[in-house]
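*Asks:* Just to be clear, the model below is a prediction. Sequence and coordinates:
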Amino acid sequence: MSNVATDKTSLFKNLAIAGCAFCVAACGGNSDTEKATALLQQAEDAYEAQNYSMALALTDSIKNAYPKEIDVRREALHLATKATEGLTLRNLEQADSISAVLAVRGDSLQRQLKFVKNPIEGYYVAATADPAKFFNTTGLQARVSPNGDFYLMSSLKGKSVKSTSVEVSAGGESATTATVNHDGERNDRSMGGEVITFMGVECDSLGHFVSRHAGEPMTLTFVGASSYSIPLPESQAQEIALLYDYATTLRRFKVASLEKERLGRAVEISRSQAARTFIDKNSEK
C-alpha cells in the first residue's frame with residue numbers, strides 16, 4: 001500500500017511540475033512550435049535523468065496543448081513510448097525482486113512442513129503435527145493444499161456441543177470461522193467426536209488472528225447448540241501461524257509472478273511501439 005501511495009504522490013507531483021512548465025512555455029511570446037519544442041526538450045531531459053513519470057507527464061502536455069504541432073507531437077510520442085518502457089522495466093525489476101524474496105521465504109517455510117499423502121488430495125501440515133492422532137484430540141489443525149490454499153480442521157472429542165464454528169480469543173479480541181452446518185462430511189459427528197473442515201475464506205480471518213497473536217495465551221471456543229472452551233495449545237497456535245504464513249507467502253508469490261508476466265508483456269509492447277514510432281531525422285532532411 002505504501003508503494004501505491006508513493007507512486008500516486010510522485011505522479012501528482014510530476015503532473016504539477018509539468019503543468020508549471022507548460023504555463024511557463026505558454027506565457028512566453030514564442031510560437032507554438034517553439035513552445036512545444038521547449039516542452040519536448042524538458043521531457044527529453046527528464047527521460048535522460050530516468051524520471052520517466054515526468055517525461056510522460058510532459059509529453060502528455062504537448063499532446064493536449066499543441067494538437068497542430070505534428071512534428072513535435074511525433075517526437076513526443078516516440079519519447080513517451082521509451083519512457084513507458086523505462087518505467088515498466090523499473091517496475092519489472094521491483095516485481096522480480098519481490099518474487100525472489102517471496103520464493104526464498106516460501107522455501108524456508110516449507111522446510112518446516114511435511115507433506116501428507118491422501119487418496120483424494122495431499123496436504124501440508126507442520127512437521128511437528130500428527131494428522132493421524134489429531135481426530136482423537138480436541139483442538140485445531142492447520143493445513144495447506146498443494147495449490148497453497150489454507151484451511152483448518154477442528155476436532156472436539158468427548159463433548160456434545162453440536163459445533164458449527166469455532167472462535168479464538170486473545171487480549172480482549174476474537175476471530176470466528178464461518179458456520180459449517182452438520183452434513184456428515186465437512187461437519188461430521190461420528191465416533192464420539194465432532195470434526196469440521198473450514199475452507200479458505202471460512203477460516204482466513206481466524207488464521208490471520210492466530211498468526212497476529214502468536215506467543216500470547218489464546219482461548220479456543222467450539223460454538224454450536226452450546227459452547228465449550230479450552231486454552232488453545234501453544235503448539236497448535238504456532239502451527240496455525242506457520243501454515244498461515246506459508247499460504248500467505250505462496251499467494252503473494254503467485255501474485256508477484258503474474259505481475260512479472262504482465263510487466264514482461266508490457267515491456268515487449270512498449271518496445272514494439274517505440275520501434276513503430278521511431279523517427280529517422282536524417283532521412284527527413
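*Replies:* Cool, got the structure.
*Asks:* Contact partners for the closest residue to Thr37 other than its chain neighbours?
*Replies:* Nearest residue to Thr37, sequence neighbours excluded (CB to CB, 6 or more residues apart in numbering): Val72, at 5.7 Å. Just so you know, the C-beta spots here come from the backbone N, C-alpha and C atoms, and that holds for glycine as well. Residues near Val72 by CB atoms under 8 Å, 6 or more residues apart in numbering: 33, 36-37, 40, 62, 66.
*Asks:* filter those to the buried ones?
*Replies:* 36-37, 40, 62, 66 (16 or more other CB atoms under 10 Å).
*Asks:* now, which of those residues sits nearest Gly158?
*Replies:* Nearest to Gly158, judged by CB to CB, of the buried ones among the contacts of Val72 is Ile62 at 77.3 Å.
*Asks:* who touches Leu77 in this structure?
*Replies:* Taking CB under 8 Å, 6+ apart as the test, what Leu77 contacts is 59, 63, 277.
*Asks:* residues contacting the nearest residue to Asp149 once chain neighbours are set aside?
*Replies:* The shortest distance from Asp149 to any non-neighbouring residue, by CB to CB, 6+ apart, is to Gly200 (5.9 Å). By CB under 8 Å, 6+ apart, the contact set of Gly200 is 149-151.
*Asks:* Just the ones in strands from those, please.
*Replies:* 150-151 (DSSP state E).
*Asks:* picking that back up, can you tell me which of the contacts of Leu77 has the most neighbours?
*Replies:* Thr59 (30 neighbours; other CB atoms under 10 Å).
*Asks:* Ramachandran coordinates for that one?
*Replies:* phi -70, psi -30 (degrees, to the nearest 10).
*Asks:* tell me the pLDDT at it?
*Replies:* For Thr59, the pLDDT comes out at 94.
*Asks:* and what of Ile120?
*Replies:* As predicted, Ile120 sits at a pLDDT of 85.
*Asks:* That one - that's part of a strand, no?
*Replies:* No: assessed by DSSP: H, G, I helix; E, B strand; the rest coil, Ile120 does not belong to a strand; its assignment is coil.
*Asks:* Can you verify my assumption that Thr149 contacts Thr248?
*Replies:* Let me fix one detail, which is that residue 149 is Asp and not Thr. No: counting by CB atoms under 8 Å, Asp149 sits too far from Thr248 to count as a contact (11.3 Å).
*Asks:* ok, then the element right after the worst-scoring helix or strand of the chain on mean pLDDT?
*Replies:* When each helix and strand of the chain is scored by mean pLDDT, DSSP states H and E, helix 2-27 comes last, with a mean of 46. Of the helices and strands lying after helix 2-27 in sequence (DSSP states H and E), the nearest is helix 32-48.
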